[in-house]
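Participant: When you get a sec, could you give me coordinates for this:
(2 chains)
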Number of protein chains: 2
Amino acid sequence: MNSGVKVFAPASVANVACGFDILGFAIDKPGDEIIARFNNSISGLQISKITGAKGKLPYAIEKNTAGVAAQSLLEHIGEAERGIEIEIHKKMPFGSGLGSSAASAAAAVMAINELLRRPLSKRELLPFAVIGEQCADGSYHADNVAPSLLGGIQLIRHNPSLDVHRLPVPKGLYASVVYPHVQILTKDARDVLSDVVTLEQCIQQTGNIAALVVALYNGDLDLLQRALEDVIVEPQRSKLIPHFAEVKDAALNQGALGCSISGAGPSIFALSQNSLVAENVGIAMQNIFQAAKIESQLFISPINQEGTILC
Amino acid sequence: MNSGVKVFAPASVANVACGFDILGFAIDKPGDEIIARFNNSISGLQISKITGAKGKLPYAIEKNTAGVAAQSLLEHIGEAERGIEIEIHKKMPFGSGLGSSAASAAAAVMAINELLRRPLSKRELLPFAVIGEQCADGSYHADNVAPSLLGGIQLIRHNPSLDVHRLPVPKGLYASVVYPHVQILTKDARDVLSDVVTLEQCIQQTGNIAALVVALYNGDLDLLQRALEDVIVEPQRSKLIPHFAEVKDAALNQGALGCSISGAGPSIFALSQNSLVAENVGIAMQNIFQAAKIESQLFISPINQEGTILC
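Facilitator: Next up is the predicted model:
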């Protein structure tokens, strides 16, 4: 009778080489599903069910990424007293560098908004999803949430004001993302990063990110290839990912335009000019982990353009 | 009988706020003129005349920016023995932050190329002009030379390989450039710059430069305004320019989209949405120097699209 609404929010690749903390893109899968429905026998928001989380996600609204995101939206639109229950179906791994918590936050706000017949536009949902993500990792930033919610390649000029811009995607651009089943603690990923960079590195990074935007606008894949280089974070964080250098070499040898760490890792992404190359690139990347007896998952996907969708 | 060719190379604004070392644009004036003509009574290149330089420019080819640029081009095309004389008419100030040596280098290669009936395309002249500029300031970089030679707003992804890209210019965009008659030694401008920046500053700078490129492609002046911010170099170098903060305030109060140091200073540029605003902005900037009894020159100009031209 009251089947509610079901939405899907895709995984996302943040940082994207020279775009540390300011760039992210969505891929078609994996992703999270959230179902929201009215429940007149309760008052306020409740999480009624969580699957796929191996007991790692709390049911308490204020401690759950999706819960915090949904609650902040409900308060904003004056519906905090409404009896609503949500089911969270995690269909992607935690701590993978694929924006798992961002996907939950994006799915939560979209589900609530759809259930309430769209009081806000999708773009207007962004701040609430970011608040949810903040609950998971402590910082207010949109480089996973924006692509997960809105799709495409998203540039975040300035996180505090959510000055977010969708960038054009060259035709055919495909991502290969490999998630090796090794654990990187967020704390380690942060601790390994120096607080300072040289002015020279900063100049290179600005040159590359500016050129990357040019490449996307012009559909210039040669330039994209030259620009997809991270001289700052990758050299530091890649040490935490076993066999990173070999995986990157394998990707580039198969014709990838670029290859770097997805989010804070351990996932590694590559971009290629079409699906065929992306497939070969992905297999070559995965083969390195296989040879090292490290289990991994491979996702091959175009840049997802829709972001979170009703399903 | 042998009147030769005469070319004009415009001044340029390098760095452009968040584009330190990677961005520059040309303005219509001031600029340098160079005349090149065959002289069968000499062998090789000679500088026959220099005006406007107050005796500060050497006649020795290998010590003169224009000479070095012209000579490197002549050697490349196998015309180093040809009897050619050039006249250099400096029509812009040295050490102003307006790309004076870059204009001489750009003019020199263009004049030689025209005299020899264009063995190379204009774009192909760039490396030789950069070699000339290098003679003046010791480093191989194109952020003044590229706009001075080619016009427009030029992004240099990577200086060593001259990976240079012309960016779109939003309709109506106008520059106001004020050159206060104070001296900044290049050495001081360098010494004042720290070799390191914080990771946070680098993230802000990459966000701003990426957004600046988006703003130029989309003609989004609101975004351009938010992106035209330099959190790294301006705070350090502006101390060398008397009354910088007041001049910047005056520009922004008059509606400038942004205001920062031109090159290494002491010139200060502002960008505005049209010529009317640019005029008011420029006058307000100049008034600050006038009140402080510092002489200054004001240049109001659209973004110059032609670069170096035959005249």
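Participant: For residue A:33, see how far away the nearest residue to residue A:58 once chain neighbours are set aside is.
Facilitator: Counting by Cβ to Cβ, 6 or more residues apart in numbering or on different chains, residue A:58 lies nearest to residue A:64, which is 5.2 Å off, once chain neighbours are set aside. Quick note: C-beta positions are derived from backbone N, CA and C, even for glycine. For residue A:64, the distance to residue A:33 equals 15 Å [Cβ to Cβ, to the nearest Å].
Participant: Kindly report the same for residue A:117.
Facilitator: Residue A:117 is 20 Å from residue A:33, where distance means Cβ to Cβ.
Participant: Which of the two has more residues huddled nearby?
Facilitator: More neighbours surround residue A:33 than the other of residue A:117 and residue A:33, with 20 against 7 (other Cβ atoms under 10 Å in any protein chain shown).
Participant: host element of the more buried one?
Facilitator: strand A:23-38 (DSSP states H and E).
Participant: For chain A, which segments count as helices?
Facilitator: In chain A, helices defined by DSSP state H lie at A:65-76, A:100-115, A:126-137, A:145-150, A:186-191, A:199-218, A:221-227, A:234-237, A:244-253, A:275-291, listed in chain order.
Participant: And the contacts of the fourth one?
Facilitator: Outside of helix A:145-150, the residues that reach it under the criterion Cβ atoms under 8 Å, 6 or more residues apart in numbering or on different chains are A:9-14, A:24-26, A:31, A:99, A:102-103, A:105-106, A:109-110, A:122-123, A:125-126, A:129-130, A:132-133, A:153-154, A:156, A:162, A:164, A:166, A:304, A:307-308.
Participant: Selection in ChimeraX covering whichever of the residues you listed are buried, please.
Facilitator: For anyone working in ChimeraX, the buried entries among these, judged by 16 or more other Cβ atoms under 10 Å in any protein chain shown, can be selected with:
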select /A:9,10,11,12,13,14,24,25,26,31,99,102,103,105,106,109,110,122,125,126,129,130,132,133,153,154,156,162,164,166,304,307,308
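Participant: among the contacts of helix A:145-150, which are within reach of chain B?
Facilitator: residue A:156 (Cβ under 8 Å from any Cβ of the partner chain).
Participant: show me where pLDDT drops low in the stretch 1-150 of chain A?
Facilitator: Low-confidence regions of the stretch 1-150 of chain A, defined by pLDDT under 70, span residues A:1-2.
Participant: which bits of it sit near chain B?
Facilitator: Close to chain B, as judged by Cβ under 8 Å from any Cβ, the stretch 1-150 of chain A has residues A:18, A:19, A:20, A:21, A:22, A:23.
Participant: can you count the residues close to the residue lying closest to the third one once chain neighbours are set aside?
Facilitator: Nearest non-adjacent residue to residue A:20, counting by Cβ to Cβ, 6+ apart: residue A:233, 4.9 Å away. Burial of residue A:233, expressed as a neighbour count using other Cβ under 10 Å, amounts to 26.
Participant: just the one 3 residues further on next, same as before
Facilitator: The burial count assigned to residue A:236 is 15, neighbours taken as other Cβ under 10 Å.
Participant: Please apply the same query to the one 3 residues further on.
Facilitator: When neighbours are counted by other Cβ under 10 Å, residue A:239 registers 12.
Participant: hmm, back to that, the residue nearest to residue A:58 contacts residue A:57, correct?
Facilitator: Yes. Counting by Cβ atoms under 8 Å, residue A:64 touches residue A:57, with 6.1 Å between them.
Participant: more neighbours, those two?
Facilitator: Between residue A:64 and residue A:57, counted using other Cβ under 10 Å, residue A:64 has the larger neighbour count: 26 against 21.
Participant: residue contacts, that one?
Facilitator: When contacts are counted by Cβ under 8 Å, 6+ apart, residue A:64 is found next to A:47, A:57, A:58, A:88, A:135.
Participant: I'd like the distance between it and chain B.
Facilitator: Using Cβ to the nearest Cβ, to the nearest Å, residue A:64 is found at 28 Å from chain B.
Participant: now that residue: how far from residue A:132?
Facilitator: The value you get for residue A:64 to residue A:132, if Cβ to Cβ is used, is 8 Å.
Participant: number of nearby residues for residue A:81?
Facilitator: Other residues within reach of residue A:81, judged by other Cβ under 10 Å, total 11.
Participant: And for residue A:139?
Facilitator: Burial of residue A:139 is recorded as 11 neighbouring residues (other Cβ under 10 Å).
Participant: With residue A:282 instead?
Facilitator: Look at residue A:282: counted by other Cβ under 10 Å, it has 26 neighbours.
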